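> Structure for the following, please:
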Amino acid sequence: SPDRVVVAGDIVNRGPQSDGCLELVLQLAAERGWLLLRGNHERYVLQYDRDRLRPEFADDPARRAIAAPVAWAHAQVAGRLDAIAALPEQLRLDL
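Numbering: from 1, shown residues only. I've put the predicted structure just below:
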């Protein structure tokens, strides 16, 4: 029975069920007051639409291959990008 739970980012794009992980932590944040942060993997997913339109992305097969997991995660959570973008990048806790 912890006093506080902080999920320090990397909720999405870290395994095969980005959508399920995001749904779970958003539910627990609403129900139990969990604190959620946006990590670098959330940033990768949020920036995917912009990054894939860059010429160097289209011209570089290696870059596209590296981005494949991000593309897959992005497709899973595309309907919840606003919720991901709303997550803070930092928080302050007074202990």
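> can you give me the strands in this structure?
Assigned by DSSP state E, the chain shows strands spanning 6-7, 35-36.
> Check those for me and report the most buried one.
Of all those, strand 35-36 has the most neighbours on average by mean count of other C-beta atoms under 10 Å, namely a mean of 19. Any C-beta I mention is one placed from the backbone N, CA and C, and that applies to glycine too.
> if we can go back for a sec, now render the strands of the chain as CSV, adding mean pLDDT and distance to residue 90.
Shown next, in CSV, are the strands of the chain (pLDDT from 0 to 100; distance: least, C-beta to C-beta, whole Å):
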stretch, mean pLDDT, distance to residue 90
strand 6-7, 98, 11
strand 35-36, 98, 11
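> Take the ones you listed and write them to TSV, including distance to residue 24.
TSV is the format used below for those (distance: least, C-beta to C-beta, whole Å):
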stretch	distance to residue 24
strand 6-7	10
strand 35-36	11
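> Out of those, flag the one nearest residue 69.
Among the strands of the chain, the nearest to residue 69 by C-beta to C-beta is strand 6-7 (19.9 Å).
> now that closest one, how far from the centre of its chain.
Taking C-alpha atoms, centre = their mean, to the nearest Å, one finds the center of strand 6-7 at 13 Å from the center of the full chain.
> and that strand, what does it pack onto?
Judged by 3 or more C-beta pairs under 8 Å, 6 or more residues apart in numbering; DSSP states H and E, strand 6-7 is in contact with strand 35-36.
> Can you give the strand pairings for the strand it packs on, parallel or anti for each?
strand 6-7 (parallel) (DSSP bridges).
> which outside residues touch the strand it pairs with?
25, 29, 34, 35, 36, 37, 91, 93 (C-beta atoms under 8 Å, 6 or more residues apart in numbering).
> In contact with residue 14, which residues are there?
By C-beta under 8 Å, 6+ apart, the residues touching residue 14 are 21, 41.
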